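**Q** Prediction below, plus the sequence it came from.
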Amino acid sequence: MEESGYTAVYVPDYVGHQHSSIIKSKVRTLRRWWNRLSRLQKSILFMLIMVVVIFCVILSSLSWVPEQNQNHHLPMSPLDLNHHDNIPNSHSLDAIISEPKSPVMNQAFQQEEPNTHREPADVVPQIQSNPWDDLPLAKDETDDKGSDNENVIVVPSQIAGLQPDFSDDTKGQFKVTTTIPITDNPPKPDLKNLIAEQTKENIRSIISLDPVIPLGPKKSKPKAVVPPESVIQKSTYISRLKFTGPENHRQKEVVAAFKHAWAGYRNYSWGKDHLQPISGRGQDWFGLGLTLVDSLDTLYIMDLKKEFYEARDWVEDKLSFDNSKNVNLFETTIRVMGGLLSAFHLSGDKMFLSKANELGSILFVGFKSPSGIPYSDIDMRTKKAHGPQWNPDSTTSEVSTIQLEFRDLSRLTGNPAFEHAAMNVSIILHKQNKNNGLVPIYISPKDGKLRSTAVITLGARGDSYYEYLLKQWIQTGKKIDFLRDDYLQAVEGMRDKLLRRTTLSNLTYLGELEGSGQAFRPKMDHLVCYLPGTLALGYYHGLPEWHLDLAKSLLHTCYLTYRLQPTGLAPEITYFRHEGDRSGDFYVKPNDAHNLLRPETVESLWYLHEITSDPMYQDWGWEIFESFMKYTRVEYGFTSINSVLDPRETRPRDMMESFFLAETLKYFYLLFSDRPLFDLKSVVFNTEAHPLPVYDS
């Protein structure tokens, strides 16, 4: 065996990982408690501590310690390891120094710095033919298996505290230096001086005159792997945004409504997916704290920092992706991953990115289908994907409305596999045969073919396919032409195939095509009311002006579906009268009369106001907001209702969906602002109203 110029010392985890985690958690809790105290409270506490310290010092100076017993009071030497009950006596210092290292430790000792051979952040690594083969799934930090991925290193907890010394002449070698002399008879320290010095140090730490630390995020080690600084592409625009809270009466009313709903959620449903605001209970759909994660950026934008940081701590400590639930790929991506990514961009807290990366690695298995079209559901326990029991196909809008989020995750982590897999779906859809750019609502993950017999609609299961064609084009710096072209062709198809006007008032609406795209049905979901905002956004980015004209006329119809109902709230589905029917413009069937607190109309009102500066859209929005306050506000929050047709019998459903806080109230707040809070050339909102940055490519 060759002699080494260095001595490797193996220090095992004697206390145990679990006990260490408990101590760290308590320390973080104590630190947060201390930071929340005012200067006066700290001064009073300091005075009490000083009295106790002075008393102890006087008492200790009067105490007599026999000289022969002083060794019992000496602090234990760091090298004296025999005092631990779980360490055999045979583990002397010599034994520890000469103890052979495990293969895991050898690998860690020989590991060079992670960033030494990393490609620059602006260099896109080569994409493999099967992107899921390259994706590192999240691993437990106590895993002792080696990693094949160069960008992620999971350090065993036993050596997490050891720091390698990498110098030019000792590449890869591990070197431990110490200022403690290794002798057979170490000198005994002076007990009195030791106590005195320690007392002075304690007093100095207590009487620190640092200013009160504002309530903010905890500084703690992330639980999942966070990409290094060299990989993270910072969002310069979003990270510079400053939010100062409501500026006018309408915004203050929106914030008050949000705080009312948040108080109910915090008190009766904390950590659950949804709040039942009448019964005061929580309800789980995926078991991922949907309302909390979905609302993070709303809290930040409204400048509710105390609530934001409390929610932030829950995400770090409680959000887990190891439950036994089946989750929907689309809903989890837009709500949870989108919420985590936007919270990272706004706050700069890498913990959110760490969680998003961990979740993205799990959701990535959805793309492991024969065609590349993802399955709809993910089993969080087995980490396997499958289709729903009621239909082997996937929904077209769902598989095509995850690209913004996975692309942003790739740009932040430097792992192109996420973006590659999601973009592959858009390429597959681009190559499909369409009906004037319009697509049916189902697609097979087995063969990647659209189901031509399915309904063509801009409502449920079809809506956001068109939205993300435009927003992907914007997100990528308008560099991918086929996304723009597919969107333009689709808008032409909407005008030619789906656009109709009522006979009585000439209201514009968009119907559906059934029977392989041949039969027209004058039915429009409330979900379709997202389209005016999307059309206006396209016009803002240089697309034809008639898109804006169509947006205005369609939004007027959406507004009337609220205004003309007795409650001032729109139904889930509206049917329009056409072909000479002058008995009215539209009607509502009793089974379609429910209102789920949806955001689409308010979203479009915000886009139109941002782009045209017409205060009429703010006034329309205020009418709708007041109706929500009158008919959906209950004791613990806001509830969806079963009927908008009778103000005396709305029949509350006792359910507040996460999107009410994440989207509806957020868009109200943005709509009523006296000034633009976001630059629509620098940011793009995902379909769940989470702001993400626009990239140059």
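**A** Alright, I've got the coordinates. All values derive from a computational prediction rather than experimental measurement. Numbering: from 1, shown residues only.
**Q** From now on I want contacts and neighbour counts done on CA atoms only, so please keep to that.
**A** Will do.
**Q** can you list the weak-confidence ranges in the chain?
**A** For the chain, the stretches with pLDDT under 70 are 1-29, 31, 61-236.
**Q** which helix of it spans the most residues?
**A** helix 39-62 (DSSP state H).
**Q** Now that one: buried residues?
**A** 42, 46 (16 or more other Cα atoms under 10 Å).
**Q** now swap in stretch 374-390 and tell me
**A** Those would be 374-380, 383-387, for stretch 374-390 by 16+ other Cα under 10 Å.
**Q** go on, stretch 603-623?
**A** For stretch 603-623, by 16+ other Cα under 10 Å, it's 603-611, 617-618, 620-622.
**Q** wouldn't residue 475 be in contact with residue 695 here?
**A** Yes - using Cα atoms under 8 Å, residue 475 is in contact with residue 695, at 5.7 Å.
**Q** quick revisit: would you turn the buried residues of stretch 603-623 into a markdown table with distance to residue 585 and secondary structure?
**A** Putting the buried residues of stretch 603-623 into a markdown table (distance: Cα to Cα, whole Å; DSSP: H, G, I helix; E, B strand; the rest coil) gives the following:
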| residue | distance to residue 585 | secondary structure |
| --- | --- | --- |
| 603 | 24 | helix |
| 604 | 22 | helix |
| 605 | 22 | helix |
| 606 | 25 | helix |
| 607 | 26 | helix |
| 608 | 24 | helix |
| 609 | 26 | helix |
| 610 | 29 | helix |
| 611 | 29 | helix |
| 617 | 22 | helix |
| 618 | 25 | helix |
| 620 | 20 | helix |
| 621 | 22 | helix |
| 622 | 24 | helix |
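**Q** TSV for the residues you listed, including distance to residue 646?
**A** Formatted as TSV, the buried residues of stretch 603-623 follow (distance: Cα to Cα, whole Å):
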residue	distance to residue 646
603	26
604	26
605	26
606	28
607	31
608	30
609	31
610	34
611	35
617	26
618	26
620	21
621	21
622	21
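**Q** From residue 624, how far off is the residue minimising distance to the centre of the chain?
**A** When Cα atoms, centre = their mean is applied to the chain, the residue found nearest the centroid is residue 340 (1.4 Å). Between residue 340 and residue 624 the distance is 29 Å, computed by Cα to Cα, to the nearest Å.
**Q** swap in residue 295?
**A** Applying Cα to Cα to residue 295 and residue 624 gives a distance of 21 Å.
**Q** ok, these two, which is more surrounded?
**A** Comparing residue 295 with residue 624 by other Cα atoms under 10 Å, the one with more neighbours is residue 295, at 29 against 22.
**Q** So for stretch 439-457, what gets flagged as buried?
**A** 439-446, 448-452, 454-457.
**Q** Repeat that for stretch 503-519.
**A** So for stretch 503-519, counting by 16+ other Cα under 10 Å, buried means 503, 507-513, 517.
**Q** Double-check residue 598 against residue 664; I have them as touching.
**A** Yes - counting by Cα under 8 Å, residue 598 touches residue 664, with 6.5 Å between them.
**Q** Excluding chain neighbours, give the residue nearest to residue 646 in space.
**A** residue 566 (6.3 Å; Cα to Cα, 6 or more residues apart in numbering).
**Q** quick one: contacts for that neighbour?
**A** 644-647 (Cα atoms under 8 Å, 6 or more residues apart in numbering).
**Q** Against which helices or strands is whichever helix or strand residue 359 is part of packed?
**A** Using DSSP states H and E, residue 359 sits in helix 350-363. Judged by 3 or more Cα pairs under 8 Å, 6 or more residues apart in numbering; DSSP states H and E, the packing partners of helix 350-363 are helix 338-347, helix 403-413.
**Q** Relative to residue 635, which of the ones you listed is closest?
**A** Set against residue 635 and scored by Cα to Cα, these come closest in helix 338-347, at 26.9 Å.
**Q** which other residues reach the closest one?
**A** 234-235, 238-239, 241, 293-297, 300, 349-353, 355-356, 405, 408-409, 686, 688, 690-692.
**Q** Separate out the buried members of those residues.
**A** The buried subset of the contacts of helix 338-347 - by 16+ other Cα under 10 Å - is 235, 238, 293-297, 300, 349-353, 355-356, 405, 408-409, 686, 688, 690-692.
**Q** just to revisit the earlier point, now do the SS call for the residue nearest to residue 646.
**A** Assigned by DSSP: H, G, I helix; E, B strand; the rest coil, the conformation of residue 566 is coil.
**Q** would you list every one of the strands in the stretch 451-600 of the chain?
**A** 499-501, 508-510, 512-514, 519-521, 523-525, 573-576, 586-587 (DSSP state E, counting those that start in this stretch).
**Q** Rebuild those as CSV, extending it with distance to residue 420.
**A** Output for the strands of the stretch 451-600 of the chain, formatted as CSV (distance: least, Cα to Cα, whole Å):
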stretch, distance to residue 420
strand 499-501, 35
strand 508-510, 34
strand 512-514, 32
strand 519-521, 37
strand 523-525, 33
strand 573-576, 36
strand 586-587, 44
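**Q** Would you tell me which of the ones you listed gets closest to residue 396?
**A** strand 512-514 (15.3 Å).
**Q** Please list the residues outside the closest one that contact it.
**A** 453-458, 498, 519-524.
**Q** re the thing from before, can you tell me which of the strands of the stretch 451-600 of the chain comes nearest to residue 320?
**A** Closest to residue 320 of the strands of the stretch 451-600 of the chain is strand 523-525 (Cα to Cα; 34.8 Å).
**Q** mind listing what the closest one pairs with, with the direction of each?
**A** strand 573-576 (antiparallel) (DSSP bridges).
**Q** Please save the CA atoms from the partner strand in PDB.
**A** Coordinates of each C-alpha in strand 573-576 appear next as PDB, following Å, rounded to 0.1, in the frame of the first residue of the first chain:
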ATOM      1  CA  ILE A 573     -72.600  26.500 -19.200                       C
ATOM      2  CA  THR A 574     -74.700  28.800 -21.300                       C
ATOM      3  CA  TYR A 575     -76.800  27.900 -24.400                       C
ATOM      4  CA  PHE A 576     -77.400  30.500 -27.100                       C
END
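**Q** I'd like the distance from it to the chain centre, please.
**A** Taking Cα atoms, centre = their mean, to the nearest Å, one finds the center of strand 573-576 at 35 Å from the center of the full chain.
**Q** which of the residues in that strand are buried?
**A** Neighbour-count burial for strand 573-576 [16+ other Cα under 10 Å]: 573-576.
**Q** Could you list the residues in contact with that strand?
**A** 502, 509, 522-526, 561, 585-589, 592-593.
**Q** mind checking which of the strands of the stretch 451-600 of the chain is nearest residue 362?
**A** strand 523-525 (32.5 Å).
**Q** Residue 443 is in contact with residue 449, correct?
**A** Yes - counting by Cα under 8 Å, residue 449 touches residue 443, with 5.6 Å between them.
**Q** What are the boundaries of the helices in the stretch 551-697 of the chain?
**A** 600-612, 616-631, 658-659, 665-671 (DSSP state H, counting those that start in this stretch).
**Q** and the shortest one, what does it pack onto?
**A** Based on contacts counted as 3+ Cα pairs under 8 Å, 6+ apart, the elements that helix 658-659 packs against are helix 290-294.
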